[in-house]
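>>> how would this look folded up:
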Amino acid sequence: MEQQQATAPRPDRPRRRPRPDAGGVPAAFVGVEQAEAALVEHYPRLTRLAYLVLPPTLGRNRRVLRAHSIVQRSLPRRGAPARLPLLPPQRRPGRPATDPGYAFVRLQVLRAALAAERPRLRLPLLGRDVPVPPLPPLLPQVWGLRLFPRSGGVDELSLARALSALSAPARAAYVLRVLEGSGDADVRAALEAAGAEDVPGALTAAAGAAPPVGGRGRPLLESAEFDPCSLQARPTDLLRRRRSTRATLAAGAAVLVCGALLTLPGGGRGPDGAAAPPYAENAAAQAALDPAKVTRAAAGSWRNATRRGLAAWPARGDRTHDRALLRRALAVWARPGPDVQVSATPGTAGGPAAGPPQLLYAGVADRAAVVLLYDGLRVVRYAEPVDASGSGQDGPGAALDFARTDGADDTSVSALVLSRTDSNVRYLTAPWTGHAGLTDLLKPADAAQPVPIGEDGATGPVPSPARATTCTAWQALRMDGHLFTDLGELVPARLTSGAPARPGEPDGPQARTAWARTACHLGELRGQGVRAVNSWEFAQQPLPAGGGTAVWVCTRAETWRGAGSRTFAQVQTPPTAGLRYAPGAVVARSEGGPGCGPREPWALAGVLWKASGGQWWLVAAGSGQLTEISVGGGVMGRAAGSQLAVPATAGARAELSGRLRSGERVTGLR
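Sure, this is the predicted structure:
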């Protein structure tokens, strides 16, 4: 009657016979409520069945949880009645026939428990099943406890070992025979409906299992040893759990931090190229990253500017309207990523611009897309490689260079470095630069060679001494009467000659000769943020014993940051044959001091010199402000005026001092 009620047709439709299933066996329909009622009523029996059929290799704790999970997931979906093959009625002594609801749930439990022996995953794209490792059930879950049935005696242990040696279908056949009391035909039908493999072999293996059917098998299967509903609880590994908890908390914190960073607006490396993720969101920062807000000076504004500085330079180049390139340049400036090669002159801040910077240049130079920007204090050069079509390629290979240029004017900045390739360099000249010439400082008598300047203000490639390892030549660029040389930075250093109070251009033969014998010492100023280098010939001294005339020169390098100036004094003795412009000998150095500068416009230096006859002398000279020079220590002597020469011995050490016209006592350059 229950089966007829469960499958009764609706009153407004004619009765029809149960539809056969795919195997030709008539099928009955089971509703969700009927299956749920059977599950609740027979829950302990069903979980025991699942526990016994599941593979023993899972362990007792996992078998318990898996058995409960299988039974709880055996209900059909609501709204989709389940079809159940009409199996022969299963009668046991003293019990009625199995109802369809229980038969359906038991079939689902058997099917899931058999599948747990060899779990597989269906891949629709491949059209086949692939094996997967057994995974713990989603529900139920137990944290911090291990659950397992109560232990039985020797007979229960013997039965458990015997069942573990059987396959899953054989265990299912044994359980159906012994626990459910089903006959061979019923067992065969149930296993076939559950999709078991090799059903005849499973029946044969189950028949040979000990204890035999009809013996003490059923009482043993109904004992507490195989009851997943009567459980004992023990704690898990407490030390391991503590370590796992700490690791989980640390991983959770890391995930939260990463998630917070990923959810920040504007993240990623899309249009920002090689820039790192953004670190802040505010109006000024966003304005500095917007290529549409980059400022540009008018093309001819420099002609009427009261001060010809970088602010008067117009935007030049063939990429000034390439917003994608400008966006990458601004983003990398604000947030240079780990793949960006960043360099900055000493004392130059490397942070982002405070607001929209000024665009000076955007174009392609020597297989690189170059952008020059100016924020009032710094010039920033961004470069990225370009492909054969000229398109920029962000990412590895991008470079970012910073140079301090506060207070720059038309005499201190007439050009900026665009690109370097091998030993050559290209410059972006000032808009007012009409012509440029390349000269070799070591050849003061040679005329300058013309340097072509394009319509965009970029020069052709010219040799540079910035990376030279030997001093066989030292190139300098003469632009509109000013002399500049490349010291490996964005802004070439200006070269001047004369007294500290009134330095001028090294145009005369005497100044050019002094620079020819000084140029090789400029190598030690590379990368120091040098703004200008002045070479001052402060004295000419006749050497004793007819040694000719020595020229004393004080060279001072001023930096853009103000501090960090470098000064060195040299004596240029009469050159030998074939070495007319041999470098002078440096006799004193000073770092950070005011010597030979506007605050101390005097000089005093000395050196031990060996005459051609073998006699050693201490020779010293000072600028015109000195009225007396004296020496003490290993050599004693005094002379009125600004020059001194006294006999000495090789290796002697002496202290040099002088007196100015004001009476102030001064010491030699250190």
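
>>> any idea how far A654 lies from R478?
With the distance defined as Cβ to Cβ, to the nearest Å, A654 ends up 42 Å from R478. Every residue, glycine included, has its C-beta placed from N, CA and C.

>>> same deal with P338?
If you measure P338 against R478 using Cβ to Cβ, the figure is 41 Å.

>>> cool, and P452?
14 Å.

>>> A532 in helix, strand or coil?
The local conformation at A532, judged by DSSP: H, G, I helix; E, B strand; the rest coil, is strand.

>>> Over to V40?
Secondary structure of V40, reduced to three states by three-state DSSP: helix.

>>> The one 4 residues further on now?
Here P44 is recorded as helix under three-state DSSP.

>>> Tell me how many other residues surround S182.
A count of neighbours around S182, defined by other Cβ atoms under 10 Å, yields 22.

>>> Please report phi then psi for the nearest residue to it once chain neighbours are set aside.
Of all residues not flanking S182 in the chain, L176 sits nearest, at 4.7 Å (Cβ to Cβ, 6 or more residues apart in numbering). Backbone torsions for L176, taken as degrees, to the nearest 10, come to phi -60, psi -40.

>>> tell me the contacts of L176?
Residues in contact with L176, defined by Cβ atoms under 8 Å, 6 or more residues apart in numbering, are 182, 186-187, 190-191.

>>> residue boundaries of the strands in the stretch 151-300 of the chain?
Using DSSP state E, counting those that start in this stretch, the strands of the stretch 151-300 of the chain run over residues 231-235.

>>> pLDDT weak spots in it?
210-216, 236-242, 244, 260-272, 275-282, 284 (pLDDT under 70).

>>> Can you find the helix or strand of this protein with the lowest average pLDDT?
The least trusted helix or strand in the chain, going by mean pLDDT, DSSP states H and E, turns out to be helix 2-6, with a mean of 34.

>>> check contacts around R512.
R512 sits in contact with 441, 444-445, 506, where contact means Cβ under 8 Å, 6+ apart.

>>> quick one: what helix or strand has it in it?
According to DSSP states H and E, R512 maps onto helix 509-516.

>>> Check S69 too.
Taking DSSP H and E as the definition, one finds S69 inside helix 60-72.

>>> Hey, what's the angle from that helix to strand 231-235? Just curious.
130 degrees (axes from the mean of the first three to the mean of the last three Cα atoms, to 10 degrees).

>>> by contact count, what packs against helix 60-72?
Using 3 or more Cβ pairs under 8 Å, 6 or more residues apart in numbering; DSSP states H and E as the contact definition, the elements that helix 60-72 packs against are helix 43-53, helix 100-115, strand 145-149.

>>> repeat that for 10 Å
helix 43-53, helix 100-115, strand 145-149, strand 231-235 (3 or more Cβ pairs under 10 Å, 6 or more residues apart in numbering; DSSP states H and E).

>>> Turn those into JSON lines, columns for distance to L166 and mean neighbour count.
Listed next are these as JSON lines, based on distance: least, Cβ to Cβ, whole Å; neighbours: other Cβ atoms under 10 Å:
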{"stretch": "helix 43-53", "distance to L166": "10", "mean neighbour count": "22"}
{"stretch": "helix 100-115", "distance to L166": "12", "mean neighbour count": "23"}
{"stretch": "strand 145-149", "distance to L166": "19", "mean neighbour count": "17"}
{"stretch": "strand 231-235", "distance to L166": "24", "mean neighbour count": "12"}
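
>>> can you tell me how far the residue nearest to the spatial centre of the chain sits from L75?
With distances taken as Cα atoms, centre = their mean, the chain has P338 as the residue nearest its mean C-alpha position (3.9 Å). Using Cβ to Cβ, one obtains 54 Å as the distance from P338 to L75.

>>> What of S662?
When S662 is compared with L75 (using Cβ to Cβ), they lie 108 Å apart.

>>> same check, this time on A650
Look at A650 and L75: by Cβ to Cβ, they are 108 Å apart.

>>> neighbour-wise, which of these two wins?
Under the criterion of other Cβ under 10 Å, the comparison of A650 against L75 puts L75 first, with 18 against 8.

>>> any idea which helix or strand carries the more buried one?
Applying DSSP H and E as the criterion places L75 outside every helix and strand.

>>> Likewise for V587?
V587 is part of strand 585-591, with elements assigned from DSSP H and E.

>>> next helix or strand past that strand?
Moving toward the C-terminus from strand 585-591, the next helix or strand (DSSP H and E) is strand 604-610.

>>> ok and that following strand relative to strand 585-591, angle-wise?
Direction vectors for strand 604-610 and strand 585-591, defined by the same axes, to 10 degrees, enclose an angle of 150 degrees.

>>> tell me what strand 604-610 is packed against?
Contacts defined by 3+ Cβ pairs under 10 Å, 6+ apart place strand 604-610 against strand 530-542, strand 549-559, strand 566-572, strand 585-591, strand 616-622, strand 626-633, strand 643-648, strand 654-660.

>>> now that strand, how far from the chain's geometric center?
Once both centres are worked out by Cα atoms, centre = their mean, to the nearest Å, strand 604-610 turns out to sit 55 Å from its chain's centre.

>>> got it, and stretch 401-408?
With Cα atoms, centre = their mean as the basis, the mean position of stretch 401-408 lies at 27 Å from the chain mean.

>>> For that stretch, give the mean pLDDT please.
Taken as a whole, stretch 401-408 carries a mean pLDDT of 92.

>>> List the buried residues in that stretch.
Using 16 or more other Cβ atoms under 10 Å as the burial criterion, the residues of stretch 401-408 that qualify are 401-405, 408.

>>> how near is A37 to A436?
Here the criterion is Cβ to Cβ. By it, A37 lies 99 Å from A436.

>>> For these two, work out which one has more neighbours and name it.
Set A37 next to A436 and count neighbours by other Cβ under 10 Å: A436 wins out with 23 against 15.

>>> for the closest residue to that one other than its chain neighbours, what are its contacts?
Excluding the flanking residues, the one nearest A436 by Cβ to Cβ, 6+ apart is V451, at 4.2 Å. Listed by Cβ atoms under 10 Å, 6 or more residues apart in numbering, the contact set of V451 reads 427, 429, 435-438, 459-462, 477-479.

>>> which of these count as buried?
Neighbour counting with 16+ other Cβ under 10 Å marks 427, 429, 436, 438, 459, 461-462, 477-479 as buried within the contacts of V451.

>>> just those residues now: which is nearest G397?
Nearest to G397, judged by Cβ to Cβ, of the buried ones among the contacts of V451 is P461 at 20.2 Å.

>>> Quick check, the closest one in contact with R420.
Yes - here P461 reaches R420: they are 9.4 Å apart, a contact under Cβ atoms under 10 Å.

>>> Give me the common contacts of the two.
Counting by Cβ under 10 Å, 6+ apart, the residues touching both P461 and R420 are 365-366, 426.

>>> Among these, which has the minimum pLDDT value?
In terms of pLDDT, the weakest of the shared contacts of P461 and R420 is D366, which scores 89.
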